[in-house]
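1. got a sequence here, can you model it:
(one chain, ligands or ions: 1)
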Amino acid sequence: MTTHPAPADRTPAHSALTGRALTDSAVTDSPPAGSAPAASTAAPYVHGYSERESRRLADQADTLAALLHEGTAYPPGSRVLEAGCGVGAQTAHLVAASPGARVVAVDMDAESLARARTRLGGRGSAGGGGVEWYRADVRRLPFPDDHFDHVFVCFLLEHLAAPAGALAELRRVLRPGGTITVIEGDHGSAFFHPAGAYAEAVIGHQVRLQAAAGGNALMGRQVVPLLAAAGFTRLRAEPRTVCADRSRPALAEGFTRLTFTPMVAAVREEALAAGLSTAADFDRGIAELYRTAEEDGTFQYTFLKATAVKPGAGESGGPQR
Ligand SMILES: C[S@@+](CC[C@H](N)C(=O)[O-])C[C@H]1O[C@@H](n2cnc3c(N)ncnc32)[C@H](O)[C@@H]1O
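-> Presented below is the predicted three-dimensional model:
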């Protein structure tokens, strides 16, 4: 149903699966022995890879950095994997909070990685080596077992048809005792004033279209059960709520106007093509969403931020069946 090309269609499947390195690096390009088998096809990425989407990801990351990155800092010298880094919008905040960490960032889209490299320049990593960027599929990563001290994932699981398989692969490359941090949204958590039935409907269209593309825009509520099922322990979940109203005009602008509403508006053509809405109804829904960013409006949305640990030998926490 989606009109965006699937990454697998734009990327030779072999290079996506083997993780062609975009930088010189000590890390092997070869698929590691014993890695989890990749699913047969990649789910289409519902938001696409346009310049506009790139800007939206940057606005989103910058607007939400204090809310989402608070509490995330890695020690100097630690190896940190960012999975699904996109255009590097979160990577910039990761390296700002952990300037001495050795950050390795992977994404399956080459164009996004090129933008990320430009965005970050030489920033990050102890010794001035900068972030290492890899084109790789999180379902089959080109790294040995137990390679990383920490894994960071933001807005990735919601785009995967099989998030459990990706978490198993991330667990494989994490060392025992290492941490994983996962941040995901959940469109069911959106509350706003003035209320609007058309606004509710367009959010519902976004949820349905993302599901049709193999993803899940209601991922937030599933993060903890997925982490537990993948064998992680010491689970900690924190709701991180955006309250955009006149007391926080920067959030009304950065989140309601520049992040959430444009994301929903971007599925307009797909929603019309799928017969989910008329053009007039869709546009009315988007107008109702923008209306909530005015001075007497409010918009609330809750992200789920979870942390967990890969258990060491002898600790319980094997993958649940
Ligand atoms: C919503 S973007 C989030 C990017 C970044 N984490 C952020 O918050 O700005 C999701 C990213 O996941 C990537 N992605 C989707 N499936 C992937 C897979 N199987 N392996 C690697 N990256 C994937 C997409 O290419 C896209 O760049």
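2. residues from the stretch 51-200 of the chain in reach of the ligand?
-> Proximity of the stretch 51-200 of the chain to the ligand (Cβ under 6 Å from any ligand atom) is limited to residues 57, 61, 84-86, 89-90, 107-109, 112, 137-139, 154-156, 159-160. Yep, even glycine has a C-beta here, placed from its N, CA and C like the rest.
3. from those residues, which land in strands?
-> Among those, the ones falling in strands (DSSP state E) are 107, 154.
4. Ile183 contacts Pro239, correct?
-> No: look at Ile183 against Pro239 with Cβ atoms under 8 Å: they stay out of range, at 11.1 Å.
5. closest residue of the protein to the ligand?
-> Going by Cβ to the nearest ligand atom, the ligand is nearest to Gly86 of the chain, at 2.7 Å.
6. how deep is that residue tucked in, by neighbour count?
-> Residues lying near Gly86 (other Cβ atoms under 10 Å) number 26.
7. for it, what are its contacts?
-> The neighbours of Gly86, taking Cβ atoms under 8 Å, 6 or more residues apart in numbering as the test, are 57, 107, 109, 112, 116, 155.
8. let me know the pLDDT of it.
-> Note on Gly86: pLDDT of 96.
9. same check on Gly124?
-> What the model reports as pLDDT for Gly124 is 70.
10. check which helix or strand covers it.
-> Counting by DSSP states H and E, there is no helix or strand that carries Gly124.
11. equivalent analysis for Asp296, please.
-> Going by DSSP H and E, Asp296 is not in any helix or strand.
12. could you pull out the helices for the stretch 101-250 of the chain?
-> 110-120, 163-173, 197-212, 223-229, 249-251 (DSSP state H, counting those that start in this stretch).
13. can you tell which of those is closest to Leu94?
-> Leu94 lies closest to helix 110-120 among the helices of the stretch 101-250 of the chain, at 9.9 Å (Cβ to Cβ).
14. so which elements touch that closest one?
-> Applying 3 or more Cβ pairs under 8 Å, 6 or more residues apart in numbering; DSSP states H and E, one finds that helix 110-120 makes contact with helix 51-69, helix 89-97, strand 102-107, strand 132-135.
15. about what we covered before: Ile183 and Pro239: which has the busier surroundings?
-> Ile183 (25 against 11).
16. next, format the helices of the stretch 101-250 of the chain as CSV and append mean neighbour count and mean pLDDT.
-> Listed next are the helices of the stretch 101-250 of the chain as CSV, based on neighbours: other Cβ atoms under 10 Å; pLDDT from 0 to 100:
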stretch, mean neighbour count, mean pLDDT
helix 110-120, 19, 94
helix 163-173, 23, 98
helix 197-212, 19, 98
helix 223-229, 19, 98
helix 249-251, 14, 95
